[in-house]
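**Student:** I'd like to go over a predicted model; first the sequence, then the structure.
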Amino acid sequence: MTYTTEQLLAFLDQELRATWKGERVVLSSDERLDNPVIAKALGANQLSKVFAIQDFRAQIHDYQRQHGVSGLVWHTCRFHGQSLRVPELHPQLIAIPDDKLALTAAKPAIIQFWRAAIPNLTLWLAGRPAQPTTLDHVNTLIEACEWAELSAARTEIYLTLCWGDPKDCHYDWAKPESGCDRIIAAPGEPSGIKV
């Protein structure tokens with residue numbers, strides 16, 4: 001029997017708890033860090049915890065690859081009385097090839113939900129500071145992206161337009177191979193919630 005995504009996340013949670021309780025030890029942790037100053041500052045106990053978690057997570061990722069276990073979790077996005085179940089990559093897991101297919105397959109429904117939610121809202125490109133944008137510009141970004149992610153607060157809805165590797169797309173260092181553009185739809189200026 002192959003473990004499910006939920007079971008792998010439970011294993012990761014158990015291992016994280018055990019590691020922070022000191023029940024997991026990596027004896028070679030100080031030898032695995034090339035910076036002796038950081039190694040000394042953190043201490044062998046903290047380094048052991050970091051490497052124990054990294055090692056276990058790598059085993060989980062190998063298991064995902066070998067057995068084709070998805071790294072996606074599904075959540076329900078609710079906004080103004082409407083709801084939609086949407087996939088997203090769990091930050092502790094990796095995306096298998098089928099996951100990217102699932103993300104791209106969900107894009108049309110996400111975009112349709114978002115379009116229905118934005119009348120009377122102002123569009124902003126997320127950043128510091130957020131910049132006002134137009135629906136035409138967002139439509140260009142929608143056409144260029146591979147998949148979309150969606151989340152909402154009480155008065156704002158957040159559309160993330162992604163491409164490349166689902167594991168790296170949220171990091172600026174991954175651009176231009178992977179990346180995402182974040183759009184905030186708000187009744188006025190965005191609230192400042194980090195998206």
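**Tutor:** Cool, the structure landed.
**Student:** Can you list the low-confidence ranges for this structure?
**Tutor:** Within the chain, the segments meeting pLDDT under 70 span 23-49, 193-195.
**Student:** per-domain residue ranges of it.
**Tutor:** Taking automatic domain parsing as the domain assignment, the record places the domains of the chain at 5-67, 72-186.
**Student:** Tabulate these (a markdown table), appending distance to G192 and mean neighbour count.
**Tutor:** From N, CA and C alone the C-beta is placed, and that goes for glycine too. Conversion of these to a markdown table gives the following (distance: least, Cβ to Cβ, whole Å; neighbours: other Cβ atoms under 10 Å):
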| stretch | distance to G192 | mean neighbour count |
| --- | --- | --- |
| domain 5-67 | 30 | 14 |
| domain 72-186 | 8 | 16 |
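**Student:** mind exporting stretch 53-71 as PDB, just the C-alpha atoms?
**Tutor:** Taking C-alpha atoms only, stretch 53-71 is exported to PDB below (Å, rounded to 0.1, in the frame of the first residue of the first chain):
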ATOM      1  CA  ILE A  53      14.600  17.400   9.500                       C
ATOM      2  CA  GLN A  54      16.300  18.000   6.100                       C
ATOM      3  CA  ASP A  55      17.300  14.300   5.900                       C
ATOM      4  CA  PHE A  56      13.800  13.100   6.700                       C
ATOM      5  CA  ARG A  57      12.200  15.500   4.300                       C
ATOM      6  CA  ALA A  58      14.600  14.300   1.500                       C
ATOM      7  CA  GLN A  59      13.400  10.700   2.300                       C
ATOM      8  CA  ILE A  60       9.800  11.800   2.000                       C
ATOM      9  CA  HIS A  61      10.600  13.500  -1.400                       C
ATOM     10  CA  ASP A  62      12.300  10.400  -2.600                       C
ATOM     11  CA  TYR A  63       9.200   8.400  -1.600                       C
ATOM     12  CA  GLN A  64       7.000  10.800  -3.500                       C
ATOM     13  CA  ARG A  65       9.000  10.400  -6.700                       C
ATOM     14  CA  GLN A  66       9.300   6.600  -6.400                       C
ATOM     15  CA  HIS A  67       5.500   6.100  -5.700                       C
ATOM     16  CA  GLY A  68       4.000   9.000  -7.500                       C
ATOM     17  CA  VAL A  69       2.500  10.600  -4.400                       C
ATOM     18  CA  SER A  70       1.200  14.000  -5.000                       C
ATOM     19  CA  GLY A  71       2.500  17.100  -3.200                       C
END
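**Student:** which residues touch it?
**Tutor:** Outside stretch 53-71, the residues that touch it by Cβ atoms under 8 Å, 6 or more residues apart in numbering are 2-5, 8, 11-12, 15-16, 19, 24, 26, 89-90, 92-96, 98-99, 102, 166.
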